[in-house]
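Student: Fold the following and give me the result.
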Amino acid sequence: MKKSTNPARPWAGRLIAVSFILLAAFGQAYGHCDSEDGPIIPLIRESLDNGDVTPLLKWIAPEDEAEIKNLFARVRTVRSESDETRAIADRLFIETFIRLHRASEGAPYTGIKEAGNIEPIYIKLDKALETGNVGALADEIAGSVRENIVRRYERAVELSQHKDQSVEAGREYVKAYVDYMHFVEGLHGYLSGRGHDGHSSAEQVHGH
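Tutor: This is a model prediction of the structure:
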């Protein structure tokens, strides 16, 4: 795997992480670790087949390791009884594992998603890791960040010119003001190190 060593991109990693905030801000934050074609479930199926649970453990919290190891051993024991038993046991293990994984990230478990429903940004993020080249994606995210800040700023400026004409106009301005402030505050909070969890940083915005 080639590694990116461009010193001109010290913020590349955090700009990519900002994509999670953008998705959350638009109400489109879809996880991909709970998808059949995400990074975890194919690995789970492989481990269930070969009997090696170790590659899975990095995806869960240390305090959940014993539960997963115990369940893995039990599932491995019964899955050879029949195809139906295997399917049920595998599903139980997958759902338990994904639930614990998401809980460790502060995210709710909402079920296993079918293959083909991964949000494109997650595909791009994984592709950047595979190729060792994050530059183009960092530029794309940076451009999207700038576009969204400017749009919210211009909306607030436009409505500020009429904010005192009526209560309704004032409320429209306040709505745009809060949207502008919260959006930028969330981005700044993450980039300055106050938020480190891609699943929850957007939910940590407080203030106005």
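Student: From now on I want contacts and neighbour counts done on CA atoms only, so please keep to that.
Tutor: Noted.
Student: mind giving me the domain ranges of the chain?
Tutor: For the chain, automatic domain parsing gives the domain ranges 12-30+119-200, 41-104.
Student: And those: which comes nearest I112?
Tutor: With respect to I112, and counting by C-alpha to C-alpha, the nearest of those is domain 41-104 at 7.0 Å.
Student: okay, the nearest residue to D179 once chain neighbours are set aside: pLDDT?
Tutor: If the residues on either side of it in the chain are set aside, D179 comes closest to R152, at 7.1 Å by C-alpha to C-alpha, 6 or more residues apart in numbering. pLDDT recorded at R152 is 95.
Student: Following the chain onward from the helix or strand where R152 lies, which element is next?
Tutor: Using DSSP states H and E, R152 sits in helix 135-160. Sequence-wise, the next helix or strand beyond helix 135-160 is helix 167-191, with elements assigned using DSSP H and E.
Student: Output the contacting helices and strands for that next one.
Tutor: Counting contacts by 3 or more C-alpha pairs under 8 Å, 6 or more residues apart in numbering; DSSP states H and E, helix 167-191 is packed against helix 12-25, helix 135-160.
Student: Now with 6 Å, please.
Tutor: Helices and strands touching helix 167-191, by 3 or more C-alpha pairs under 6 Å, 6 or more residues apart in numbering; DSSP states H and E, are helix 135-160.
Student: Could you list the low-confidence segments of the chain?
Tutor: Residues of the chain that meet the criterion pLDDT under 70 lie in 1-31, 194-208.
Student: try it again with 80
Tutor: 1-32, 115-123, 126, 190, 192-208 (pLDDT under 80).
Student: which residue lies farthest from the center of it?
Tutor: The centre of the chain is farthest from one residue, Q165, which by C-alpha atoms, centre = their mean lies 42.0 Å away.
Student: I'd assumed Y180 was in contact with the residue nearest to D179.
Tutor: Yes: with contact defined as C-alpha atoms under 6 Å, R152 reaches Y180; the gap is 5.1 Å.
Student: burial of the residue nearest to D179, as a residue count?
Tutor: When neighbours are counted by other C-alpha atoms under 10 Å, R152 registers 19.
Student: Then the one 10 residues further on?
Tutor: Neighbour count of H162, defined by other C-alpha under 10 Å: 14.
Student: likewise V178?
Tutor: 15.
Student: Got the phi and psi for S35?
Tutor: phi -100, psi 150 (degrees, to the nearest 10).
Student: Phi and psi next, for the closest residue in space to it that isn't next to it in sequence.
Tutor: Using C-alpha to C-alpha, 6+ apart and skipping residues adjacent in sequence, the residue nearest S35 is K113, 4.4 Å away. With angles defined as degrees, to the nearest 10, K113 sits at phi -90, psi 140.
Student: And D34, by the same measure?
Tutor: phi -100, psi 20.
Student: For it, grab the count of nearby residues.
Tutor: Neighbourhood size, D34 [other C-alpha under 10 Å]: 26.
Student: What distance do you get for it to N148?
Tutor: Distance, D34 to N148, by C-alpha to C-alpha, to the nearest Å: 29 Å.
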